[in-house]
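**Student:** Need the 3D shape of this:
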Amino acid sequence: MSRFLLAGLAVGFLYAVATGQAPQPQPAQPGTAAKIGEKIDRGLNEIGSELSQAWADVRKSVEKMGVQSRVYGRLHWDKALESAKVEISIRDNQVVVLSGNVASAAAKEKAEQLARDTIGVSSVVNELSVK
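**Tutor:** The predicted structure is shown next:
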(Lines give C-alpha, C1' and ligand atoms only; values in the text may rest on other atoms or scores of the structure.)
Protein backbone atom coordinates (compact mmCIF):
# COMPACT_ATOMS: atom_id res chain seq x y z
CA MET A 1 0.00 0.00 0.00
CA SER A 2 1.52 3.33 -0.94
CA ARG A 3 2.33 6.08 1.53
CA PHE A 4 -0.15 8.45 -0.09
CA LEU A 5 -3.00 5.99 0.28
CA LEU A 6 -2.17 5.55 3.96
CA ALA A 7 -2.02 9.32 4.39
CA GLY A 8 -5.45 9.66 2.77
CA LEU A 9 -6.92 7.03 5.06
CA ALA A 10 -5.45 8.80 8.09
CA VAL A 11 -6.92 12.15 7.01
CA GLY A 12 -10.33 10.53 6.55
CA PHE A 13 -10.16 8.98 9.98
CA LEU A 14 -9.15 12.28 11.59
CA TYR A 15 -12.02 14.04 9.80
CA ALA A 16 -14.51 11.51 11.13
CA VAL A 17 -13.16 11.85 14.65
CA ALA A 18 -13.11 15.68 14.56
CA THR A 19 -16.64 16.11 13.20
CA GLY A 20 -18.23 13.15 14.87
CA GLN A 21 -19.34 11.91 11.46
CA ALA A 22 -17.93 9.22 9.36
CA PRO A 23 -17.51 10.09 5.66
CA GLN A 24 -19.85 8.16 3.40
CA PRO A 25 -18.00 5.38 1.62
CA GLN A 26 -17.96 5.64 -2.17
CA PRO A 27 -18.54 2.51 -4.17
CA ALA A 28 -15.29 1.66 -5.89
CA GLN A 29 -14.29 -0.81 -8.48
CA PRO A 30 -12.10 -3.61 -7.25
CA GLY A 31 -8.45 -2.63 -7.50
CA THR A 32 -9.03 1.13 -7.80
CA ALA A 33 -6.81 1.88 -4.80
CA ALA A 34 -4.08 -0.33 -6.21
CA LYS A 35 -4.28 1.45 -9.57
CA ILE A 36 -4.05 4.85 -7.89
CA GLY A 37 -1.11 3.66 -5.81
CA GLU A 38 0.66 2.37 -8.92
CA LYS A 39 0.18 5.73 -10.70
CA ILE A 40 1.57 7.60 -7.69
CA ASP A 41 4.53 5.23 -7.47
CA ARG A 42 5.20 5.65 -11.20
CA GLY A 43 5.11 9.44 -10.82
CA LEU A 44 7.52 9.33 -7.89
CA ASN A 45 9.90 7.10 -9.85
CA GLU A 46 9.83 9.54 -12.78
CA ILE A 47 10.59 12.46 -10.46
CA GLY A 48 13.44 10.49 -8.91
CA SER A 49 14.90 9.76 -12.34
CA GLU A 50 14.66 13.42 -13.35
CA LEU A 51 16.37 14.53 -10.13
CA SER A 52 19.15 11.99 -10.66
CA GLN A 53 19.71 13.29 -14.18
CA ALA A 54 19.73 16.91 -13.01
CA TRP A 55 22.27 16.08 -10.30
CA ALA A 56 24.48 14.31 -12.86
CA ASP A 57 24.32 17.43 -15.07
CA VAL A 58 25.38 19.63 -12.13
CA ARG A 59 28.31 17.35 -11.36
CA LYS A 60 29.44 17.46 -15.00
CA SER A 61 29.37 21.26 -15.03
CA VAL A 62 31.40 21.41 -11.81
CA GLU A 63 33.93 18.97 -13.24
CA LYS A 64 34.28 21.17 -16.34
CA MET A 65 35.24 24.14 -14.16
CA GLY A 66 38.93 24.51 -13.47
CA VAL A 67 40.37 24.12 -10.00
CA GLN A 68 41.03 27.85 -9.76
CA SER A 69 37.38 28.69 -10.55
CA ARG A 70 36.11 26.22 -7.99
CA VAL A 71 38.39 27.55 -5.25
CA TYR A 72 37.52 31.15 -6.15
CA GLY A 73 33.80 30.38 -5.90
CA ARG A 74 34.17 28.80 -2.49
CA LEU A 75 36.27 31.65 -1.08
CA HIS A 76 34.24 34.40 -2.72
CA TRP A 77 30.91 33.26 -1.21
CA ASP A 78 32.19 32.64 2.33
CA LYS A 79 31.10 35.42 4.73
CA ALA A 80 34.26 35.15 6.84
CA LEU A 81 36.32 36.03 3.75
CA GLU A 82 34.12 38.66 2.10
CA SER A 83 36.55 41.53 2.82
CA ALA A 84 39.70 39.49 2.15
CA LYS A 85 42.02 40.23 -0.76
CA VAL A 86 42.95 36.67 -1.76
CA GLU A 87 44.79 35.74 -4.92
CA ILE A 88 44.59 32.18 -6.13
CA SER A 89 47.12 30.51 -8.35
CA ILE A 90 47.49 26.89 -9.39
CA ARG A 91 50.65 24.82 -9.70
CA ASP A 92 50.76 21.44 -11.44
CA ASN A 93 46.95 21.55 -12.02
CA GLN A 94 46.21 20.51 -8.41
CA VAL A 95 48.28 22.59 -5.96
CA VAL A 96 46.54 25.80 -4.87
CA VAL A 97 48.62 28.77 -3.73
CA LEU A 98 46.76 31.37 -1.66
CA SER A 99 48.32 34.81 -1.29
CA GLY A 100 47.08 38.20 -0.20
CA ASN A 101 45.62 39.59 3.01
CA VAL A 102 42.92 38.43 5.41
CA ALA A 103 41.50 40.04 8.55
CA SER A 104 42.34 37.32 11.07
CA ALA A 105 44.11 34.05 11.73
CA ALA A 106 40.71 32.34 11.69
CA ALA A 107 40.02 33.74 8.20
CA LYS A 108 43.43 32.49 7.03
CA GLU A 109 42.66 29.02 8.35
CA LYS A 110 39.14 29.11 6.84
CA ALA A 111 40.50 30.01 3.39
CA GLU A 112 42.98 27.18 3.53
CA GLN A 113 40.34 24.68 4.65
CA LEU A 114 37.89 25.72 1.92
CA ALA A 115 40.60 25.43 -0.73
CA ARG A 116 41.75 22.04 0.60
CA ASP A 117 38.17 20.68 0.57
CA THR A 118 37.60 21.69 -3.07
CA ILE A 119 37.30 18.96 -5.69
CA GLY A 120 40.53 18.56 -7.66
CA VAL A 121 42.86 20.11 -5.06
CA SER A 122 45.68 17.87 -3.87
CA SER A 123 47.37 20.39 -1.55
CA VAL A 124 47.35 24.05 -0.51
CA VAL A 125 50.23 26.46 0.00
CA ASN A 126 48.96 29.17 2.33
CA GLU A 127 50.94 32.41 1.88
CA LEU A 128 48.16 34.63 3.25
CA SER A 129 49.08 37.49 5.56
CA VAL A 130 46.94 38.63 8.50
CA LYS A 131 46.38 42.41 8.53
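
**Student:** Can you give me the neighbour number for the nearest residue to Ser123 once chain neighbours are set aside?
**Tutor:** Among residues not flanking Ser123 along the chain, Val95 sits closest, at 5.3 Å (Cβ to Cβ, 6 or more residues apart in numbering). The C-beta positions use only the backbone N, C-alpha and C, and glycine is treated the same way. Counted with other Cβ atoms under 10 Å, residues neighbouring Val95 total 14.

**Student:** same deal with Asn126?
**Tutor:** With other Cβ under 10 Å as criterion, Asn126 counts 16.

**Student:** ok, the residue nearest to it when sequence neighbours are not counted - contacts?
**Tutor:** Nearest residue to Asn126, sequence neighbours excluded (Cβ to Cβ, 6+ apart): Glu112, at 4.5 Å. Glu112 is in contact with Leu98, Val124, Asn126, Leu128, counting by Cβ atoms under 8 Å, 6 or more residues apart in numbering.

**Student:** Show me which of those is closest to Ser83.
**Tutor:** For those, the residue nearest Ser83 by Cβ to Cβ is Leu128; the value is 13.2 Å.

**Student:** I'd like the distance between the closest one and Leu51.
**Tutor:** 39 Å (Cβ to Cβ, to the nearest Å).

**Student:** Tell me which of the two has more neighbours.
**Tutor:** Between Leu128 and Leu51, Leu128 has the larger neighbour count (other Cβ under 10 Å), namely 21 against 10.
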